[in-house]
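Participant: structure for the following, please:
(chains A and B)
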Amino acid sequence: MLKFNVLGKADDSKARAGILETGHGIVQTPVFMPVGTQGTVKAVNQQYLSEIISTEIVLSNTYHLYLRPGTEILEQAGGLHRFMNWTKPILTDSGGYQVFSLTDLRKLKLDGVEFRSHIDGSKHFFTPEKVIKIQRSIGSDIMMVLDECTPYPCDYKYAKKSTRLTSDWAVQNRQSFENTVPLYGYEQFLFGIIQGSVYKDLREISAADLVQIGFDGYAIGGLAVGEPIEIMYDMVEFTTALMPEDKPRYLMGVGKPENILEAIDRGVDMFDCVMPTRNARNAQLFTSSGVLSMRNAKYKNDFEIIDSKCGCYTCKNYSRAYLRHLFIAGEILALELASIHNLYFYVHLLKEARENILKGIFKNWKEEKINKVTQLVKNESEE
RNA sequence: GUGAGCGUAGCUCAGGUGGUUAGAGCAUCAGGUUGUGGCCCUGAGGGUCGUGGGUUCAAGUCCCAUCGCUCACC
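Facilitator: Have a look, this model is predicted:
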């Protein structure tokens, strides 16, 4: 059983601070998990990820690792931790999101999903059982069940059918989890995923089904797929209320800094999102006072540091003008420096949230923070 | 010097026999990106069509001159 202790809750909010204990050490929640789909967080090496950014846990992906390098190589390496030289916890997504995002390349069936590899077109069939087996080979500390992430919009009839499918699969995931053992000498845990699209009654059914089956933690899936932000907040608020108090809650794929803070306020503990890394590679930097588009011409001769309130490696050493130059010139270092900054921003935003929850002043802190991070940065010197 | 070819957006080029407001790719500029391929998507700015004449209702397109570049041959 995964150990999870809620240490503190903000008085005026559902926000909570906790500690999660895995075979690769503890994770302090709320936590942001950088996305490392293919056994690497793009553009950032493991040492920087750990020591400079203070990442506590990374997310990787079953579907991608299964296709390449494949489970045989991962087992020969002694699991993903040793393969990628990462000694802290790893969570793996199951491939459920690929069911959603690779619509042209897959066929959904009652017992699983048939995929065509996006790499070589080869055919593969994922079942709940197979996905658990692959995650045993990967050796992730937290495994995710195979689910179907519904699109938006999604009509009620389809959402109901899909939620039923996810529940059926959840049973099989759990059974396979019981029937298999870890390969590398430490315990692995399994999270269920609550679906139901934007329909509260379906979320209710989904949550009840999954809690009934019993998991080490529970995720909210199927959000941040294009629905209006208020609907997402509403669904998060509704769904967290259905989730056990004593288990970690994970909102999959979210999101912008303000989305994460709002979700923490509604009782979520864990987050992952491609935004800090993908946007970094597109020259968008998150700062304490808003988003900077680093390609903008106004930074051509701006030799100030990127975010004066940031203590990251990039901000300590390089100017806006230099980073812009690197992006315009198409230099690899631009991707690295920007990724380091954005991940540091995200990871430390959640660490700061945690401190303020423990102090009992989360709500006010959150409001101020959101105002700051969503404001547009203006170059006040010119007009 | 002679002959041929070419001059259209910052760059590389499209623009049958003359006919709406001269286009594309890249670059530039500005947005977007939510369980990630650096991809991708959206929008904007930018041209006295080398220059000057001519023919015509109408010229990037046809004619003449001129300037520049490239190639070939003396």
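Participant: for A:Gly221, see how far away the spatially most central residue of chain A is.
Facilitator: Of all residues in chain A, the one closest to the mean position by C-alpha atoms, centre = their mean is A:Asp272, 1.4 Å from it. A:Asp272 sits at a distance of 12 Å from A:Gly221 (criterion: C-beta to C-beta, to the nearest Å). Where you see a C-beta, it was placed from the backbone N, CA and C, and this is true even at glycine.
Participant: and A:Glu114, what element?
Facilitator: strand A:112-116 (DSSP states H and E).
Participant: list the buried ones in that strand?
Facilitator: Applying a neighbour-count criterion of 16 or more other C-beta atoms under 10 Å, one finds A:Gly112, A:Val113, A:Phe115 buried in strand A:112-116.
Participant: for RNA strand B, state which of those residues is nearest.
Facilitator: Of all the buried residues of strand A:112-116, A:Val113 has the smallest distance to RNA strand B: 12.0 Å, by C-beta to the nearest atom of the strand.
Participant: how close does that closest one get to A:Leu65?
Facilitator: Taken as C-beta to C-beta, the span from A:Val113 to A:Leu65 is 16 Å.
Participant: same check, this time on A:Tyr152
Facilitator: Per C-beta to C-beta, A:Tyr152 is found 27 Å from A:Leu65.
Participant: of these two, who's got more company?
Facilitator: Taking other C-beta atoms under 10 Å, A:Tyr152 and A:Leu65 do not tie; A:Leu65 has more neighbours (25 against 16).
Participant: check whether the following helix or strand past the strand holding A:Glu114 contacts RNA strand B.
Facilitator: Sequence order places strand A:123-126 as the next helix or strand after strand A:112-116, per DSSP H and E. No - for strand A:123-126 and RNA strand B, the contact criterion (C-beta under 7 Å from any atom of the strand) is not met; the two come no nearer than 11.9 Å.
Participant: in strand A:123-126, what's buried?
Facilitator: For strand A:123-126, burial by neighbour count (16+ other C-beta under 10 Å) applies to A:His124, A:Phe126.
Participant: strand partners (parallel or antiparallel) of that strand?
Facilitator: Sheet pairing of strand A:123-126 (DSSP bridges) gives strand A:112-116 (antiparallel).
Participant: what comes into contact with the strand it pairs with?
Facilitator: A:63, A:95, A:98-99, A:102, A:105-107, A:122-128, A:130, A:146 (C-beta atoms under 8 Å, 6 or more residues apart in numbering).
Participant: so that strand, near RNA strand B or not?
Facilitator: No - contact of strand A:112-116 with RNA strand B (C-beta under 7 Å from any atom of the strand) is absent, the minimum separation being 12.0 Å.
Participant: give the rounded mean pLDDT of that strand.
Facilitator: What strand A:112-116 shows for mean pLDDT is 89.
Participant: repeat for stretch A:119-139
Facilitator: On average, the pLDDT along stretch A:119-139 is 94.
Participant: mind checking the end-to-end distance for it?
Facilitator: One end of stretch A:119-139 to the other measures 23 Å (C-alpha to C-alpha, to the nearest Å).
Participant: which parts of it are buried?
Facilitator: A:124, A:126-139.
Participant: now, the residues you listed that are in strands?
Facilitator: A:His124, A:Phe126 (DSSP state E).
Participant: and of the buried residues of stretch A:119-139, the nearest to A:Met294?
Facilitator: Using C-beta to C-beta, A:Ile138 comes nearest to A:Met294 of the buried residues of stretch A:119-139, at 34.5 Å.
Participant: look up how far RNA strand B lies from that closest one.
Facilitator: A:Ile138 sits 14 Å away from RNA strand B, going by C-beta to the nearest atom of the strand, to the nearest Å.
Participant: now swap in A:Ile260 and tell me
Facilitator: In terms of C-beta to the nearest atom of the strand, A:Ile260 sits 8 Å off from RNA strand B.
Participant: kindly report the same for A:His124.
Facilitator: In terms of C-beta to the nearest atom of the strand, A:His124 sits 15 Å off from RNA strand B.
Participant: quick one: which of the buried residues of stretch A:119-139 is nearest to RNA strand B?
Facilitator: Among the buried residues of stretch A:119-139, and counting by C-beta to the nearest atom of the strand, the member closest to RNA strand B is A:Val131, at 9.9 Å.
Participant: tell me who's in contact with that closest one.
Facilitator: Per C-beta under 8 Å, 6+ apart, neighbours of A:Val131: A:Thr62, A:Ser94, A:Gly95, A:Val145, A:Leu146, A:Asn173.
Participant: lowest pLDDT pick from these?
Facilitator: Least confident of the contacts of A:Val131 in the model: A:Gly95, at 86.
Participant: now that one. Nearest residue, chain neighbours left out?
Facilitator: Nearest residue to A:Gly95 in three dimensions, chain neighbours excluded: A:Tyr63, at 3.6 Å (C-beta to C-beta, 6 or more residues apart in numbering).
Participant: just the element for the one you found, please.
Facilitator: Short version, using DSSP H and E: A:Tyr63 is in helix A:62-67.
Participant: check which helices and strands that helix is in contact with.
Facilitator: If you count contacts as 3 or more C-beta pairs under 8 Å, 6 or more residues apart in numbering; DSSP states H and E, helix A:62-67 packs onto strand A:90-93, strand A:123-126, helix A:128-138.
Participant: in the helix or strand just after it, which residues are buried?
Facilitator: Note on helix A:62-67: by DSSP H and E, the next helix or strand toward the C-terminus is helix A:71-77. Residues of helix A:71-77 classed as buried: A:Thr71, A:Leu74, A:Glu75, A:Ala77 (neighbour count, 16+ other C-beta under 10 Å).
Participant: now the residues you listed in TSV, with pLDDT and distance to A:Asn282?
Facilitator: Formatted as TSV, the buried residues of helix A:71-77 follow (pLDDT from 0 to 100; distance: C-beta to C-beta, whole Å):
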residue	pLDDT	distance to A:Asn282
A:Thr71	96	33
A:Leu74	97	30
A:Glu75	97	36
A:Ala77	97	32
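Participant: OK, contacts around the residue nearest to A:Gly95?
Facilitator: For A:Tyr63, the contact set (C-beta under 8 Å, 6+ apart) comprises A:Asp93, A:Ser94, A:Gly95, A:Gln98, A:Phe115, A:Phe126.
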